[in-house]
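In: model this:
(one chain, ligands or ions: 1)
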Amino acid sequence: VSGSATTTPERFDSEFLTPVMVGGTTLMLNIDTGSSDLWVFSNQLPASESTGHSVYTVNAAKKLVGDTFSVSFGDGSSASGNVFADTVVVGGVTATRQAVEAATSVSASFTQDTNVDGLMGLAFSPLNTVQPQQQRTFFDNVKSTLDTALFAADLISGGPGEYDFGFIDTAKFTGTLDFSPVDNSLGLWEFTTSGYAIGTTRHATAINGIADTGTTLLLLPSAIVTAYYAQVKGIQNSTQFGGFIFPCNAILPTFSLIIDSKLHTVPSDFLNFAPVDAANTNCFGGIQSAAGLPFSIFGGIFLKSQYAVFDMSQATPRIGFGQQ
Ligand SMILES: N[C@H]1[C@H](O)[C@@H](Sc2ccccc2)[C@@H]2OC[C@H]1O2
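Out: Numbers count the residues shown, from 1 in each chain. Predicted coordinates for the structure are as follows:
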């Protein structure tokens, strides 16, 4: 089988939401290649935490008795609860006994994000948090039924994009699809670029990072961030806003990752993330520092410029990028 599901950006492309049928109810999930739990808002939540959200209604007959989950994210948010086996469908692709992690508690940032009813983690299953019986991701459950064991993210800035399951849509990118081998020893889609470019100036410095559809920005080694913003008039490293800001009318160079010796380029307009003030005086940069993190994070700012193929069809997982 194969299929596609439309994914729609929230304001400022902060995240992308995809309709997923969970036990007969359609929920809007954030498909997240940076985690490995499929967790949803459920009717077990107190109204104070679930008002405004669609919820999964639990059925005791489907409960995986004794199993619980507790997942926390890079930004400090978290969710926890119990686990049910149910049918999950996305883009017409079906997992019949998918572990559906039904929240009994969620952190404030999830409650406040009323357009999001949960996450579908598509990193690797060893990161799944269900105990004592760890569960498999949706992709692990369906990959043997897919025409080809891969999925692809076609995230579009400000408009509908798609997640493709089981096939590569060659109409969604120009030029070549360039692959890097993935090191999934940390359970993530981790790879190393051969270099980067600021504008047309190439640098042969390797960057190790993860492809994370659930992270909004592009987080890079601080030396590279400094080099990039050295080209931007009026740059400030703002403690108030927690990162690099610049006048909203600043001219921004493009930024490219060099993958398999090809430039994969983020256009300048993607590198101005959003205004930090109502008067649109200063804007927050799409590139920020990954200092303190174990790797760089190639999030939405980069992924929006590419067709990203998460491929487990070969002995070694690999990730491919095609310039949109
Ligand atoms: N992989 C990412 C994940 O999808 C989000 S979860 C999330 C939390 C609150 C609001 C929206 C999303 C979080 O930020 C970075 C990393 O953790």
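In: show me what contacts the residue of the stretch 201-324 of the chain found nearest the ligand?
Out: In the stretch 201-324 of the chain, the residue that lies nearest the ligand is residue 214 (2.1 Å; Cβ to the nearest ligand atom). In short, each C-beta sits where N, CA and C put it, glycine included. Shown in contact with residue 214 (Cβ atoms under 8 Å, 6 or more residues apart in numbering): 15, 30, 31, 32, 33, 34, 35, 73, 119, 299.
In: check those residues against the ligand, which are close?
Out: 15, 30, 32, 34, 35, 73 (Cβ under 6 Å from any ligand atom).
In: circling back to that earlier point, now, among the contacts of residue 214, which is nearest to residue 246?
Out: Nearest to residue 246 among the contacts of residue 214 is residue 299, at 19.3 Å by Cβ to Cβ.
In: Distance check, the closest one against residue 42.
Out: 28 Å (Cβ to Cβ, to the nearest Å).
In: Spit out the contact partners of residue 267.
Out: Here residue 267 is in contact with 254, 305 (Cβ under 8 Å, 6+ apart).
In: how near is it to residue 158?
Out: For residue 267, the distance to residue 158 - Cβ to Cβ - is 13 Å.
In: how about the strands in the stretch 101-250 of the chain?
Out: 118-121, 150-154, 161-165, 174-181, 190-193, 195-198, 201-203, 207-211, 218-220, 236-238, 243-247 (DSSP state E, counting those that start in this stretch).
In: now the ones you listed in a markdown table, with mean neighbour count?
Out: Output for those, formatted as a markdown table (neighbours: other Cβ atoms under 10 Å):
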| stretch | mean neighbour count |
| --- | --- |
| strand 118-121 | 27 |
| strand 150-154 | 25 |
| strand 161-165 | 23 |
| strand 174-181 | 15 |
| strand 190-193 | 21 |
| strand 195-198 | 19 |
| strand 201-203 | 13 |
| strand 207-211 | 22 |
| strand 218-220 | 27 |
| strand 236-238 | 15 |
| strand 243-247 | 20 |
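In: want to try CSV for these, with distance to residue 315 and mean pLDDT as columns?
Out: Formatted as CSV, the strands of the stretch 101-250 of the chain follow (distance: least, Cβ to Cβ, whole Å; pLDDT from 0 to 100):
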stretch, distance to residue 315, mean pLDDT
strand 118-121, 23, 98
strand 150-154, 14, 99
strand 161-165, 21, 99
strand 174-181, 10, 96
strand 190-193, 16, 98
strand 195-198, 26, 98
strand 201-203, 31, 98
strand 207-211, 20, 99
strand 218-220, 30, 99
strand 236-238, 44, 98
strand 243-247, 39, 98
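In: will you turn those into JSON lines that also has distance to residue 273?
Out: Shown next, in JSON lines, are those (distance: least, Cβ to Cβ, whole Å):
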{"stretch": "strand 118-121", "distance to residue 273": "22"}
{"stretch": "strand 150-154", "distance to residue 273": "19"}
{"stretch": "strand 161-165", "distance to residue 273": "18"}
{"stretch": "strand 174-181", "distance to residue 273": "25"}
{"stretch": "strand 190-193", "distance to residue 273": "21"}
{"stretch": "strand 195-198", "distance to residue 273": "17"}
{"stretch": "strand 201-203", "distance to residue 273": "23"}
{"stretch": "strand 207-211", "distance to residue 273": "18"}
{"stretch": "strand 218-220", "distance to residue 273": "9"}
{"stretch": "strand 236-238", "distance to residue 273": "13"}
{"stretch": "strand 243-247", "distance to residue 273": "9"}
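In: closest one to residue 10 among the ones you listed?
Out: Among these, the nearest to residue 10 by Cβ to Cβ is strand 161-165 (12.6 Å).
In: Show me what the closest one pairs with in its sheet, parallel or antiparallel.
Out: Using DSSP bridges, the strands paired with strand 161-165 are strand 3-9 (antiparallel), strand 150-154 (antiparallel).
In: ok, the nearest residue in space to residue 238 that is not next to it in sequence - contacts?
Out: Here the nearest residue to residue 238 in space, its sequence neighbours aside, is residue 245; by Cβ to Cβ, 6 or more residues apart in numbering that works out to 4.8 Å. Residues near residue 245 by Cβ under 8 Å, 6+ apart: 235, 236, 238, 276, 282, 283, 284, 285.
In: Which elements pack onto the longest helix seen in the chain?
Out: If each helix of the chain is counted by residues according to DSSP state H, the longest one is helix 222-229. Under the contact criterion of 3 or more Cβ pairs under 8 Å, 6 or more residues apart in numbering; DSSP states H and E, helix 222-229 touches strand 195-198, strand 243-247, strand 287-289.
In: which non-adjacent residue is nearest residue 23?
Out: Nearest non-adjacent residue to residue 23 (Cβ to Cβ, 6+ apart): residue 86, at 3.9 Å.
In: And residue 6, by the same measure?
Out: Residue 6 sits nearest to residue 160 (Cβ to Cβ, 6+ apart), 5.0 Å away.
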